[in-house]
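Participant: One predicted model, sequence on top.
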Amino acid sequence: MGEFSDQGANVYPQYFTKGVTNKCQLASLYEITGYSLYSSRDYKRCVCNNWSDDLANCLVALVSPSSASILTTSIATATALFLATF
């Protein structure tokens, strides 16, 4: 078995970290945080944990029926951030 390709998924950021005001951004290449690009809830968790003064109410949006648009926005944001790294 050969070495891993230098063009594989391992060469792209895969986690979120605190970004500019009220946003999270992709972490540096080898920085592993608790917020995965591949989890639809992790972008929102990153924003809530880093920017919200009312964490309990911020995170409630993750499980309430009205959170569909929030999660859709989070997924779209994560996808855009991921694609911007190429």
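Facilitator: Good, I have the coordinates.

Participant: And what about T17, helix, strand or coil?
Facilitator: For T17, the assignment made with DSSP: H, G, I helix; E, B strand; the rest coil gives strand.

Participant: That one: neighbour count?
Facilitator: Residues lying near T17 (other C-beta atoms under 10 Å) number 17. (Each C-beta comes from the backbone N, C-alpha and C, glycine too.)

Participant: Surely it touches L37?
Facilitator: No. T17 is beyond contact range of L37, at 11.1 Å (criterion: C-beta atoms under 8 Å).

Participant: and Y35, how many neighbours?
Facilitator: The burial count for Y35: 24, using other C-beta under 10 Å.

Participant: How many residues are close by D42?
Facilitator: D42: 19 neighbours (other C-beta under 10 Å).

Participant: check contacts around it.
Facilitator: Applying C-beta atoms under 8 Å, 6 or more residues apart in numbering to D42 gives the contacts F16, G34, Y35, S36.

Participant: repeat that for 6 Å
Facilitator: Shown in contact with D42 (C-beta atoms under 6 Å, 6 or more residues apart in numbering): Y35, S36.

Participant: now the strands: where do they sit in this protein?
Facilitator: 16-18, 24-26 (DSSP state E).

Participant: Low-confidence stretches in this structure?
Facilitator: For the chain, the stretches with pLDDT under 70 are 1, 9-10, 61-86.

Participant: Show me the helices in it, by range?
Facilitator: 42-51, 55-60, 68-84 (DSSP state H).

Participant: Can you give me the buried ones in the second one?
Facilitator: What that stands for is helix 55-60. C58, L59 (16 or more other C-beta atoms under 10 Å).
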